[in-house]
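In: let's see this in three dimensions:
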Amino acid sequence: MCYDHYVAICKPLHYRTILGSRACAHMAAAAWDTGFVYGFLHTANTFSPPLCQGNALGQFFCEIPQILKLSCSHSNLMELGLLAVSACLGFGCFIFIVFSYVQIFRAVLRILSEQGRHKAFSTCLPHLAVVSLFLSTGAFAYLKPPSISSPSLDLIVSVLYLVVPPALNLLIYSLRNQEIKDALGKIMTGCI
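Out: Numbering: from 1, shown residues only. Got it, this is the predicted structure:
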């Protein structure tokens, strides 16, 4: 998304050339392939050690830190290595997002019209807020010390980074559609 916003704002005349259907298909395929390989490696590494404390988790989401708490083995070097590689890749993506948004904000601040700046910011800021929420809660979930871990806190953090960002993304991009805005307006006036 940040690359899409970057091209749309910083290189609007080249948008169709840079982000044609072929480029979008390649980016989607790369994201799906990476997600599949990443998920497969985590699943294989997480379920390979024996579980000593049964297989019942104290929360709804079956996440890696929760499963590792049930493991007999304290040397989960493969999983820790995979998490370290994941953190490095995530940090690389974060740097790419920050670099893209710095370029976007530099271009937006050069726009002379107030309406143009407002439109550009309203396009980018919701995405930036969702990404920030996802990254900060995900980092907290995986990097928090075990001493502050509790089932209720783990559940809240899991919901914040697994459920809220996709729901917010759907809401943000749905509200850009005028028909949905009109339907929501009718529903809201009918409720009052």
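In: all helices for the chain, in order.
Out: Applying DSSP state H to the chain gives helices spanning 2-10, 15-18, 21-47, 64-69, 77-109, 114-143, 151-162, 164-174, 178-191.
In: save these as CSV, and put in mean neighbour count and mean pLDDT too.
Out: Quick note: C-beta positions are derived from backbone N, CA and C, even for glycine. As requested, the helices of the chain are exported to CSV (neighbours: other Cβ atoms under 10 Å; pLDDT from 0 to 100):
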stretch, mean neighbour count, mean pLDDT
helix 2-10, 18, 79
helix 15-18, 12, 84
helix 21-47, 12, 83
helix 64-69, 17, 68
helix 77-109, 14, 82
helix 114-143, 15, 80
helix 151-162, 16, 79
helix 164-174, 13, 77
helix 178-191, 10, 68
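In: can you give me the distance of Cys93 to Leu77?
Out: From Cys93 across to Leu77, the span is 24 Å (Cβ to Cβ, to the nearest Å).
In: kindly report the same for Ser113.
Out: 56 Å.
In: go on, Val130?
Out: From Val130 to Leu77 the distance is 34 Å (Cβ to Cβ).
In: before we move on, what about Gly90?
Out: Distance from Gly90 to Leu77, by Cβ to Cβ: 20 Å.
In: same question, Cys124
Out: Taking Cβ to Cβ as the measure, Cys124 falls 40 Å from Leu77.
In: repeat for Cys2
Out: 34 Å.
In: ok, Gly20 next?
Out: Counting by Cβ to Cβ, the gap from Gly20 to Leu77 is 44 Å.
In: just Phe96 next, same as before
Out: Using Cβ to Cβ, Phe96 is found at 29 Å from Leu77.
In: and if you look at Asp4?
Out: Asp4 sits 38 Å away from Leu77 when distances are taken as Cβ to Cβ.
In: just Ala31 next, same as before
Out: In this view, Ala31 and Leu77 are 28 Å apart by Cβ to Cβ.
In: please consider this matter closed, and thank you.
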